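K.L.:
just coords:
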């Protein structure tokens with residue numbers, strides 16, 4: 001072959017090599033561009049979520065945004081977008097989420113947000129309490145009227161997880177009357193859980209216009225600040241007279257925040273008692289039967305201390321069924337329980353000296369003395385503080401029921417029902433068929449999880465079922481199961497695990513989903529106050545593929561140790577919101593497609 005031919009072949013080879021190189025890299029660049037475009041869309045989507053309102057708890061003070069939700073930072077959103085799984089098969093053991101699960105996780109968080117928004121304490125107060133400026137009367141729940149000209153002083157006291165927002169809304173409504181001459185002055189005390197009020201709320205309450213002191217304390221275990229603040233309220237209320245209107249704003253968490261032990265007991269006795277009660281798995285309503293007998297202001301005693309003042313209590317319920325005498329241990333409500341009831345619970349839950357969760361000997365001794373009739377019991381409905389204002393029985397007979405006015409009146413301003421209904425409405429708005437299971441779920445968290453997942457599995461059978469098999473289904477797909485209430489977790493002595501009832505429910509549900517090979521099912525369970533147990537999480541959100549063969553043993557061990565927090569945290573499945581400013585127990589959302 002001549003030189004010219006060899007040169008031609010060489011040039012052809014070079015051109016072929018360059019062509020292949022360019023083609024291959026153009027394909028790679030195109031693929032990279034598509035990936036970058038997709039990533040950018042995900043980043044934009046998540047960024048947009050961080051700018052949206054995730055709570056009704058609006059904050060105007062940006063310097064406090066680490067603890068409110070209106071300006072929730074991006075890193076507080078729980079892994080909404082995950083890597084897409086290669087297969088959406090229901091039998092897949094991949095921990096990646098299916099396309100449906102990704103969207104359902106977002107939907108579940110949005111539904112929960114609306115559930116919390118519906119029980120914003122400020123809105124709840126303003127819906128139930130208005131000022132008739134023309135007649136200078138405070139109207140509660142459209143029926144009860146309080147003529148402000150009858151009082152020299154209006155005293156606002158508030159305690160619980162929603163105390164700041166409730167007190168501020170109440171003070172704002174009443175303060176409008178101060179534009180008139182001869183109106184009563186406002187003062188009071190608010191006890192908040194640490195980090196459960198914005199700087200702006202605290203400054204506004206402390207302002208001369210309201211003159212309301214704000215005190216911080218510990219929850220769920222009370223501390224010395226709880227006692228000091230409670231004693232301040234007791235002293236202030238005790239100074240009231242017939243020309244005083246006491247407005248008590250009470251919400252869940254008030255039992256620990258408003259805590260003043262009887263003279264026979266110490267704070268350490270109460271702290272130990274609360275720890276033992278929590279460990280025992282006793283429902284909150286039963287806990288409060290015991291706790292109200294150990295303190296100076298619980299079980300109607302605060303209303304008795306205020307007598308002969310008029311007491312109006314505005315209550316945001318965190319207890320199933322809304323028993324007013326048990327919310328925050330019923331400080332302004334007559335008590336229908338007795339010492340014997342408390343002593344019976346001691347035996348039932350192993351709280352006696354030889355039990356697994358033995359109470360301090362000083363507490364047991366006090367309960368025994370009370371049951372023996374050696375100590376006064378909490379005020380009942382026969383106490384004058386709970387009577388009807390009137391000079392004589394003849395006056396009572398001549399006056400109509402509308403004219404009669406109680407020394408102490410209690411009004412429910414919000415509860416779990418409102419939260420559940422709002423969740424159902426938002427689920428429907430998002431294309432799901434909502435089913436409200438109720439707002440009274442209780443019992444062990446793991447048991448409740450099994451119930452929810454079993455129902456989800458039954459509903460999911462519609463995917464491949466015949467028309468005949470669908471005849472008795474609860475609801476067509478896609479479905480949203482919505483439940484409210486408050487479960488419990490019974491802890492063994494000296495348990496070292498970290499978590500809360502909602503996190504344990506979520507982890508139990510994830511294991512149950514794995515056992516049933518369920519996919520395209522998402523469950524989220526949260527505390528409406530933003531706190532679940534002694535952790536910084538509100539609860540957990542899980543899906544069908546979370547637990548797989550690689551993680552199942554760790555999941556089982558974590559559940560056995562009651563260490564749900566660390567497992568959910570390691571998998572990006574904690575729901576962390578910070579303080580929401582409200583508290584109406586828990587809500588659980590189960591979505592099925």
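P.N.:
Okay, I see it. Just so it is clear, the model here is predicted, and its values are computed rather than measured.

K.L.:
Return, as residue ranges, the portions of this protein with sub-threshold pLDDT.
P.N.:
Low-confidence segments of the chain, defined by pLDDT under 70: 1-95, 178-182, 390-404, 466-470.

K.L.:
contacting residues around residue 437?
P.N.:
Contacts for residue 437 (Cβ atoms under 8 Å, 6 or more residues apart in numbering) come out as 455, 481, 482, 483. For glycine as for every other residue, the C-beta is placed from the backbone atoms N, C-alpha and C.

K.L.:
Residue 557 too?
P.N.:
Contact partners of residue 557, counting by Cβ under 8 Å, 6+ apart, are residue 563.

K.L.:
Okay, and it sits in which element?
P.N.:
helix 552-560 (DSSP states H and E).

K.L.:
and the next element down the chain from that helix?
P.N.:
Defined by DSSP H and E, the subsequent element after helix 552-560 is helix 564-570.

K.L.:
packing partners for the very next helix or strand once past that next one?
P.N.:
Next helix or strand after helix 564-570 toward the C-terminus (DSSP H and E): strand 574-575. When contacts are defined as 3 or more Cβ pairs under 8 Å, 6 or more residues apart in numbering; DSSP states H and E, strand 574-575 packs onto strand 539-543.

K.L.:
tell me the angle the strand it packs on makes with helix 552-560.
P.N.:
Here strand 539-543 runs at an angle of 150 degrees relative to helix 552-560 (axes from the mean of the first three to the mean of the last three Cα atoms, to 10 degrees).

K.L.:
Give the other helices and strands that strand 539-543 contacts.
P.N.:
helix 99-117, helix 501-515, strand 521-527, helix 564-570, strand 574-575.

K.L.:
Return the most buried member of the ones you listed.
P.N.:
Most buried of these, by mean neighbour count (mean count of other Cβ atoms under 10 Å): strand 521-527, with a mean of 30.

K.L.:
Mind listing the strands that strand pairs with, and their directions?
P.N.:
Strand 521-527 sits in its sheet next to strand 539-543 (antiparallel), strand 586-592 (antiparallel), going by DSSP bridges.

K.L.:
Mean neighbour count, these: which tops it?
P.N.:
Ranked by mean neighbour count, the strands paired with strand 521-527 are led by strand 539-543 with a mean of 31 (mean count of other Cβ under 10 Å).

K.L.:
which residues are contacting it?
P.N.:
With Cβ under 8 Å, 6+ apart as the criterion, strand 539-543 contacts 78, 97, 101, 104-105, 108-109, 500, 502-503, 505-507, 509-510, 513, 521-527, 532, 564, 568, 573-575, 586.

K.L.:
let's see it at 7 Å
P.N.:
78, 97, 101, 105, 108-109, 502-503, 506-507, 509-510, 521-527, 532, 564, 568, 573-575 (Cβ atoms under 7 Å, 6 or more residues apart in numbering).

K.L.:
Stretch 521-529 now?
P.N.:
Residues outside stretch 521-529 that contact it (Cβ under 7 Å, 6+ apart): 101, 104-105, 108-109, 112, 116, 119, 161, 252, 419, 452, 456, 460, 502, 505-506, 509, 513, 532, 538-544, 575, 580, 582-592.

K.L.:
same thing with stretch 586-593?
P.N.:
With contacts defined as Cβ under 7 Å, 6+ apart, stretch 586-593 is touched by 100, 104, 107-108, 111-112, 115, 419-420, 423, 432, 452, 456, 459-460, 477-486, 502, 505, 520-528.

K.L.:
Can you give the distance of it from its chain's centre?
P.N.:
The chain centre lies 16 Å from the centre of stretch 586-593; the measure is Cα atoms, centre = their mean, to the nearest Å.

K.L.:
go on, stretch 340-359?
P.N.:
Distance, centroid of stretch 340-359 to centroid of chain: 28 Å (Cα atoms, centre = their mean).

K.L.:
what about it, how long is it end to end?
P.N.:
Using Cα to Cα, to the nearest Å, one end of stretch 340-359 lies 16 Å from the other.

K.L.:
Go through it and flag the buried ones.
P.N.:
342, 343, 345, 346, 349, 351, 352, 357, 358, 359 (16 or more other Cβ atoms under 10 Å).

K.L.:
what about the spatially closest residue to residue 101 that is not a sequence neighbour, distance to residue 100?
P.N.:
Excluding its sequence neighbours, the residue lying closest to residue 101 (Cβ to Cβ, 6 or more residues apart in numbering) is residue 543, at 4.5 Å. Applying Cβ to Cβ, to the nearest Å, the value for residue 543 to residue 100 is 9 Å.

K.L.:
again with residue 276
P.N.:
Applying Cβ to Cβ, the value for residue 276 to residue 100 is 44 Å.

K.L.:
do residue 140 as well
P.N.:
For residue 140 relative to residue 100 (Cβ to Cβ), the value is 47 Å.

K.L.:
thought residue 481 was touching residue 455?
P.N.:
Yes. Taking contacts as Cβ atoms under 7 Å, residue 481 lies within contact range of residue 455: 6.0 Å.

K.L.:
More neighbours: which of those two?
P.N.:
Using other Cβ atoms under 10 Å, the more surrounded residue of residue 481 and residue 455 is residue 481, with 26 against 18.

K.L.:
strand partners of the strand or helix carrying the more buried one, parallel vs antiparallel please.
P.N.:
Residue 481 belongs to strand 479-485 when assigned by DSSP H and E. Next to strand 479-485 in the sheet, as set by DSSP bridges, lie strand 433-441 (parallel), strand 586-592 (antiparallel).

K.L.:
so which of those strands gets nearest residue 204?
P.N.:
Among the strands paired with strand 479-485, strand 586-592 comes nearest to residue 204, with 29.6 Å by Cβ to Cβ.

K.L.:
Report the angle between that closest one and helix 501-515.
P.N.:
20 degrees.

K.L.:
Now do strand 586-592 against helix 99-117, angle only.
P.N.:
Using the same axes, to 10 degrees, the inter-axis angle of strand 586-592 relative to helix 99-117 is 150 degrees.

K.L.:
for residue 433, what are its contacts?
P.N.:
Residue 433 touches 475, 476, 478, 479, 480, counting by Cβ under 7 Å, 6+ apart.

K.L.:
Report the separation between it and residue 478.
P.N.:
Computed as Cβ to Cβ, the residue 433 to residue 478 distance reads 7 Å.
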